[in-house]
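Novice: Just to be clear, the model below is a prediction. Sequence and coordinates:
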Amino acid sequence: MTLRQLLHIPATTDKPLIAVPLMLGPTGKLTPFAQKLQAQNPDIVEWRADYIADDFSQAVMWQQVKAGAQAELNQKNVSTMTEAKMLAEIDNAKQEFLANWPMMNQQVIKELTAAVFNSVGEFPVLLTYRTQSQGGKGEMSPVEVATFLTFALQSGYPFAAVDIEYTMPEELRTKVITTARQQQVPVILSYHDMNQTPDDLHAQLVDMARSDIDVIKLAVMPQNDNDVDRLLLATRAFSESQDKPLITMSMGQLGEKTRIIGYQFGSELTFAVLDGTPISAPGQISISELLQAWQ
């Protein structure tokens, strides 16, 4: 099965799928993004939830609640004893906050997900949370990431696929994969190396293919042209010997060509950005630049 077939995206060209990242934070405007999306018409939107999810994490939300209570206290002219009692009440409120957090968190994630789907319309949405070590912005713990992905998948919105990092602890990875299976959402297993290109790329891909997932994604950082060529050759070797769809890229300026010609070696999706929007990974180019390179 090809990636297009798996994601139910009709084939209109012999070129790979084009995914564009949605990387808006809490103050970002979805409308301009949606307008560019309609105008440039990629195949899929990758919701980079790491650009917004941390602003609604348990720690951040409690700090906002605490700061509000503290500000109210500071405005009152009270005795030292009364102030101590009111501070104790804040501590008690934290316990109540923590007890209610799972339900609150689920609702917050549902609302964030709704905002994305309401903005992108009929475009398929790929759910992704990338930590800083994986080239993203997120600072959540593995448990928090797994919880976010799980709640988003359970939100009732039809994700086209979910991206799970290979380095996530196995028990958490299994939890997200199980939820994705229950929601009938395909799973992309990703591996990112932001520093180098591993020596045995084929072995890495084969190891990932043993997992209960649908698609494999490999993104590595080259140090020279040979690394780029090794990535392309490993892509071809794997795609010719395995059935699972594959997405690969060599990052940075050195690896830019893999985003353009990778499909000739078996990579079934490439990432580009809407014109005038920032990149989400080193070496990304705009849709216009990609289409021009394909002419």
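Specialist: Yep, that arrived. Numbers count the residues shown, from 1 in each chain.
Novice: For stretch 104-121, what does the pLDDT average out to?
Specialist: Stretch 104-121 carries an average pLDDT of 94.
Novice: Could you do stretch 42-57 as well?
Specialist: So the average pLDDT for stretch 42-57 ends up being 94.
Novice: doesn't residue 93 fall inside a helix?
Specialist: Yes: applying DSSP: H, G, I helix; E, B strand; the rest coil, one finds residue 93 inside a helix.
Novice: just checking, it touches residue 100?
Specialist: No: using C-beta atoms under 8 Å, residue 93 makes no contact with residue 100, being 10.5 Å away. Every C-beta, even on glycine, is put in place using the N, C-alpha and C of the backbone.
Novice: Those two: which has the busier surroundings?
Specialist: Ranked by neighbour count (other C-beta atoms under 10 Å), residue 93 and residue 100 place residue 93 first, with 14 against 10.
Novice: measure the more buried one to residue 46 for me?
Specialist: Distance of residue 93 to residue 46, given as C-beta to C-beta, to the nearest Å: 38 Å.
Novice: same deal with residue 133?
Specialist: 19 Å.
Novice: next one: residue 165
Specialist: Taking C-beta to C-beta, one finds residue 165 at 14 Å from residue 46.
Novice: any residues in contact with both of these two?
Specialist: With C-beta atoms under 8 Å, 6 or more residues apart in numbering applied, the contact sets of residue 165 and residue 46 do not overlap.
Novice: Strands of this protein, start to end?
Specialist: 17-22, 44-48, 125-128, 161-165, 187-193, 215-220, 246-250, 269-273, 285-286 (DSSP state E).
Novice: Can you report how many residues neighbour residue 261?
Specialist: A total of 14 residues lie near residue 261 under the criterion other C-beta under 10 Å.
Novice: so what's it closest to, chain neighbours aside?
Specialist: residue 232 (7.7 Å; C-beta to C-beta, 6 or more residues apart in numbering).
Novice: Give me the most central residue, this protein.
Specialist: Central residue of the chain (C-alpha atoms, centre = their mean): residue 128, 1.8 Å from the mean position.
Novice: so the residue nearest to residue 261 makes contact with residue 266?
Specialist: No: Residue 232 is beyond contact range of residue 266, at 9.0 Å (criterion: C-beta under 8 Å).
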